[in-house]
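> coordinates for the following, if possible.
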Amino acid sequence: METHTKKGIHLNLFHRIFLFLVVFILFIFLQLGISAYQGKYIMDPIQKSAGNVQRISLLLNSLGQTHDVLSSYRWDFGDIASLVTELRRENEISESSLEHIDADLASIGVEQYLLVQAVNTTYGNFRNYLSVMQGYLLTNTIDKASAVYYSDLEPCLTYLSQYVQQLIERAIMDNQSTYDRLMKLNDALDTVYGLTVLVMLLFGFAAFREVIRLLSIVQEMALSSKAITAGDYERPELSEHRKDEIGDMARAFNEMKRAMRNQVRLLTAHNEMEKELHRKDTEALAMQNLLEREKLQLLRSQINPHFLFNTINVIKYTAQEEKAEETDALLSSLARLFRYALADNEVLVPLSREIQIVDEYYSLFKARFKEKMSLVWDIAPSLVLTETLVPSFFLQPLVENSFKHGLGPKELPGTVWLTLQEDNGVLLVQVEDDGVGMANEELEALRLRLLDSPITGEHIGLYTVAARLKLLDPRCHLEVTSEQGKGTIILIEMPLVLKKEEEEDDQDTDC
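Residues are numbered from 1 along each chain as shown. I've put the predicted structure just below:
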């Protein structure tokens, strides 16, 4: 005999919350459906029937006003114009009301439909008699007008009023019947609506309770995690009495906490040993780094710069053989620029050599960017370029900085102006561009970095020049001004040093 053990359906936390939310949403849609049904099939028909009764009543009142006006009129001395005006006004009201009376057989029923047809037919005759009578009135033919009224118009108006009276009575009766039937249906739907609200509240509360339980355990875990982060393992453990996922989470968290506490105790026990080992490892690593730097320096010192020049010359000769004149010229400029940059230059060199290097550099840029970037020189005639001494390789980085950061991001062509002037023993060097410029925040950051002269990052050439000027002479001054969208100006002021003065200083030093 087989034994079957019945087990209840067990839903996990996610499935329970999901089920509650699905039922909650379904009942929301059910409520929306009930509201839409009540509006379309209950309230709209009631309002339509009430509006139809109102229009019939308005027609009946207008016909009554027409009858009162005609019955009280004095045909022998009455005001014809006033009578015609009153009749036209009431006729417009009657026709407007009759036009909007419901004549749909499916919605008003057979009896109302027949009465509406009778009213329309009788009103057509009434309209004709009224038109004939108004014609006689306008031609001042009072006797014929009164004859039409008493013989034709008044009997027709009486029949028409009777039909309209019957129609409104029938409409009120049918409207009351429809109203009672629809209100019973509406009451039943209201009951269903109330039950759906109750079910929604129950399932919403159930879902809310599950979420609160989940959030409470998550909050407890967060607080315990903060305590663990602070090194506090003495906080009470989480409750593990639940048999669902929340209980599983609490048990897993408590186990993790106990394991971490044991691990921390082990780490604390070996802490002193680890510190000692770390100190020895640090000393060994420092010694190893020192050895590696020495090896790297040794390798660097073994590199022959002439290898680079020879390689460029090989490419240059190849370009000559291939008759690539422009490539040959560019390689020549590159070789001269490279040799000047890597050679063991003196601290001070003639200004003419610096100008030549800038021209070599500009020729390389012009070959690439064509007319996009221009270089304009403005050199004071009083300056003797071959006799004026300046720091080696200090003009080219400034021009490169203007090309790269000023004109590079600019879409339109741009120009760099390099001005060299002398003023009372001071050499003024100004590099100006009409590039993108800098915002105030970026300019202030650049000025602060110039004070420290970092050796990495953007504007490295500008920083290097600033640092070398500081070492050369404390009287040297470098200032940067810029306006976003208009350009940047770099102004350098340094003592004017001539070759003769430098030679005399050297001789005095030798003596």
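> point out where the stretch 101-250 of the chain drops to low pLDDT.
231-234, 238-247 (pLDDT under 70).
> helix or strand: which one has Ser107?
Using DSSP states H and E, Ser107 sits in helix 105-138.
> return the list of helices and strands in contact with that helix.
When contacts are defined as 3 or more C-beta pairs under 8 Å, 6 or more residues apart in numbering; DSSP states H and E, helix 105-138 packs onto helix 44-71, helix 80-99, helix 142-148, helix 154-229. Using the backbone N, CA and C atoms, a C-beta is placed for each residue, glycine as well.
> export these to JSON lines and tack on mean neighbour count?
Conversion of the helices and strands packed on helix 105-138 to JSON lines gives the following (neighbours: other C-beta atoms under 10 Å):
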{"stretch": "helix 44-71", "mean neighbour count": "17"}
{"stretch": "helix 80-99", "mean neighbour count": "16"}
{"stretch": "helix 142-148", "mean neighbour count": "16"}
{"stretch": "helix 154-229", "mean neighbour count": "15"}
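> adding distance to Arg368, write these out as TSV.
Putting the helices and strands packed on helix 105-138 into TSV (distance: least, C-beta to C-beta, whole Å) gives the following:
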stretch	distance to Arg368
helix 44-71	78
helix 80-99	85
helix 142-148	107
helix 154-229	56
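> which one of those lies closest to Asn120?
Checking the helices and strands packed on helix 105-138 against Asn120 by C-beta to C-beta gives helix 80-99 as the closest, at 7.0 Å.
> need the contact partners of that closest one.
55-56, 58-59, 62-63, 65-66, 69-70, 73, 119-120, 123, 127, 130, 134, 137-138, 140, 142 (C-beta atoms under 8 Å, 6 or more residues apart in numbering).
> let's see that with 10 Å instead.
Helix 80-99 is contacted by residues 54-70, 73-75, 79, 116, 119-120, 123, 126-127, 130-131, 133-134, 136-140, 142, 145, 160, 164 when judged by C-beta atoms under 10 Å, 6 or more residues apart in numbering.
> that one versus helix 44-71: what angle between them?
160 degrees (axes from the mean of the first three to the mean of the last three C-alpha atoms, to 10 degrees).
> mean confidence for helix 80-99?
For helix 80-99, mean pLDDT rounds to 86.
> what's the angle from that helix to helix 105-138?
Computed by the same axes, to 10 degrees, the angle between helix 80-99 and helix 105-138 is 170 degrees.
> helix 80-99 to helix 154-229, inter-axis angle?
Using the same axes, to 10 degrees, helix 80-99 lies at 50 degrees relative to helix 154-229.
> got the CA positions of helix 80-99 in PDB?
The C-alpha trace of helix 80-99 is given here as PDB (Å, rounded to 0.1, in the frame of the first residue of the first chain):
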ATOM      1  CA  ILE A  80     -48.400  93.100 -36.900                       C
ATOM      2  CA  ALA A  81     -44.600  93.600 -36.700                       C
ATOM      3  CA  SER A  82     -44.500  92.500 -33.000                       C
ATOM      4  CA  LEU A  83     -46.700  89.500 -33.800                       C
ATOM      5  CA  VAL A  84     -44.500  88.300 -36.700                       C
ATOM      6  CA  THR A  85     -41.300  88.800 -34.500                       C
ATOM      7  CA  GLU A  86     -42.800  86.700 -31.700                       C
ATOM      8  CA  LEU A  87     -43.900  84.000 -34.100                       C
ATOM      9  CA  ARG A  88     -40.500  83.700 -35.700                       C
ATOM     10  CA  ARG A  89     -38.700  83.600 -32.400                       C
ATOM     11  CA  GLU A  90     -40.900  80.800 -31.100                       C
ATOM     12  CA  ASN A  91     -40.700  79.000 -34.400                       C
ATOM     13  CA  GLU A  92     -36.900  78.900 -34.300                       C
ATOM     14  CA  ILE A  93     -37.000  77.500 -30.700                       C
ATOM     15  CA  SER A  94     -39.600  74.800 -31.800                       C
ATOM     16  CA  GLU A  95     -37.600  73.700 -34.900                       C
ATOM     17  CA  SER A  96     -34.300  73.600 -32.900                       C
ATOM     18  CA  SER A  97     -35.900  71.500 -30.200                       C
ATOM     19  CA  LEU A  98     -37.700  69.200 -32.700                       C
ATOM     20  CA  GLU A  99     -34.500  68.700 -34.700                       C
END
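> Lys470: how many residues sit nearby?
As a burial measure, Lys470 scores 15 neighbours (other C-beta atoms under 10 Å).
> just confirm it is within a strand.
No - assessed with DSSP: H, G, I helix; E, B strand; the rest coil, Lys470 is helix; it does not lie in a strand.
> roughly how far apart are Arg449 and Leu443?
Distance of Arg449 to Leu443, given as C-beta to C-beta, to the nearest Å: 11 Å.
> ok, back up a step: residues of the helix holding Ser107 that come out buried?
108, 112-113, 115-116, 118-119, 122-123, 125-127, 129-130, 132-134, 136-137 (16 or more other C-beta atoms under 10 Å).
> equivalent analysis for stretch 470-480, please.
Per 16+ other C-beta under 10 Å, stretch 470-480 contains these buried residues: 472, 476, 478, 480.
> do the same with stretch 437-453
Within stretch 437-453, judged by 16+ other C-beta under 10 Å, the buried ones are 437-438, 443, 446, 449-450, 453.
> closest to Leu195 out of these?
Met438 (71.2 Å).
> my read is that closest one is in a helix, agree?
No - the assignment for Met438, made by three-state DSSP, is coil rather than a helix.
> wait, it touches Pro409, no?
No - counting by C-beta atoms under 10 Å, Met438 stays clear of Pro409, with 11.0 Å between them.
> next secondary structure element downstream of the helix or strand containing Leu420?
Here Leu420, judged by DSSP H and E, is contained in strand 414-423. On the C-terminal side of strand 414-423, the closest following helix or strand by DSSP H and E is strand 426-433.
> in that next one, what's buried?
427, 429-433.
> export these to CSV and tack on pLDDT?
Output for the buried residues of strand 426-433, formatted as CSV (pLDDT from 0 to 100):
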residue, pLDDT
Leu427, 95
Val429, 96
Gln430, 97
Val431, 96
Glu432, 96
Asp433, 95
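> let's have the residues you listed in JSON lines, adding distance to Glu387.
Converted to JSON lines, the buried residues of strand 426-433 look like this (distance: C-beta to C-beta, whole Å):
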{"residue": "Leu427", "distance to Glu387": "12"}
{"residue": "Val429", "distance to Glu387": "16"}
{"residue": "Gln430", "distance to Glu387": "21"}
{"residue": "Val431", "distance to Glu387": "22"}
{"residue": "Glu432", "distance to Glu387": "26"}
{"residue": "Asp433", "distance to Glu387": "29"}
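> tell me the one of those nearest Lys404?
Asp433 (10.3 Å).
> can I assume the closest one is in contact with Pro409?
No - look at Asp433 against Pro409 with C-beta under 10 Å: they stay out of range, at 11.4 Å.
> what sits up against stretch 174-181?
Outside stretch 174-181, the residues that reach it (C-beta under 10 Å, 6+ apart) are 42, 45-46, 48-50, 52-53, 107-109, 111-112, 168, 186.
> and the closest residue to Ser402 other than its chain neighbours, what does it touch?
Distances taken as C-beta to C-beta, 6 or more residues apart in numbering place Asp433 nearest to Ser402, at 4.2 Å, with adjacent residues excluded. Applying C-beta under 10 Å, 6+ apart to Asp433 gives the contacts 373, 375, 399, 401-403, 405-407, 410, 414-418, 482, 486-490.
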